[in-house]
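J.: Next comes the sequence, and after it the predicted model I'd like to discuss.
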Amino acid sequence: MIKFKKLSLLLLALLLVLSFVACTSSPPPAEPIDTPPEEPPYEENGDDDYILPEPPIGDLEDGDVDWSLYPVIIDGVGVPGSSFEMIGEDAIFPTHVGLMSLERVLGVDVFWNLETGYVSFQGLNGFINFVVGSADFEVDGETITLDQESVRIGDELYVPISFFRDVFGAGSAYFSGGHVIIDMEGEDMY
């Protein structure tokens, strides 16, 4: 009986070692890679030596750019890292766009006090001030009230799509074909 237990334990240990070897060994790669993958174009930012990818620029009808990768498009430029949200009980289309990820494309410095919720920056129509959670936006001392308020989701600030047209000063801002499209000089599509 003792020999049977010893033999069983020995076989069990052998199976355990074989299964461990089988799980940790990996087959050799099929073919070595001849060339490294192509790197996206980069540009230097002179302020802080931070290197940013250069977004593709072109016509929305350009077949060379995969526009499905960009939920927000500004003046024909897909904005990397941008996002939109549907806020409201009956919202079936995007209502808000993340403001902070659009800073560099818009060419503005957004100042946001996390404690007070106070936001300010220069827009095309003048200096913009507002408090997160309010539908009132002040442009050079004049208050503009939108149908929806700005909101904070996590660490991101979202403003209504109409903010870009009515407050910031873009020519058009709308949702179409799965994208929020903002055009600084175009006419709005309602």
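T.: Here it is on my side, so go on.
J.: and the longest helix along the chain, how far out from the chain's middle?
T.: Secondary structure assigned by DSSP state H gives helix 2-24 as the longest helix of the chain. Chain-centre distance of helix 2-24: 52 Å, with Cα atoms, centre = their mean, to the nearest Å.
J.: Let me see the mean pLDDT of that helix.
T.: Confidence for helix 2-24, expressed as mean pLDDT, is 73.
J.: which residues touch that helix?
T.: By Cβ atoms under 8 Å, 6 or more residues apart in numbering, no residue outside helix 2-24 reaches it. Using the backbone N, CA and C atoms, a C-beta is placed for each residue, glycine as well.
J.: where does the protein have low pLDDT?
T.: 1-2, 20-67, 101, 186-190 (pLDDT under 70).
J.: how long is stretch 86-99 end to end?
T.: 15 Å (Cα to Cα, to the nearest Å).
J.: Stretch 106-120 now?
T.: Stretch 106-120: ends 14 Å apart by Cα to Cα.
J.: Kindly report the same for stretch 126-137.
T.: End-to-end distance (Cα to Cα), stretch 126-137: 12 Å.
J.: What lies in contact with it?
T.: Stretch 126-137 is contacted by residues 112, 116-122, 138-140, 143-152, 157, 163, 167-168 when judged by Cβ under 8 Å, 6+ apart.
J.: Which residue ranges of the protein form helices?
T.: Applying DSSP H to the chain gives helices spanning 2-24, 103-106, 161-163.
J.: for these, which one sits closest to residue 71?
T.: Nearest of the helices of the chain to residue 71, taken as Cβ to Cβ: helix 161-163 at 11.8 Å.
J.: picking up where we left off before, can you list the helices of the chain in CSV and add distance to residue 180 and mean neighbour count?
T.: Listed next are the helices of the chain as CSV, based on distance: least, Cβ to Cβ, whole Å; neighbours: other Cβ atoms under 10 Å:
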stretch, distance to residue 180, mean neighbour count
helix 2-24, 47, 9
helix 103-106, 12, 16
helix 161-163, 6, 22
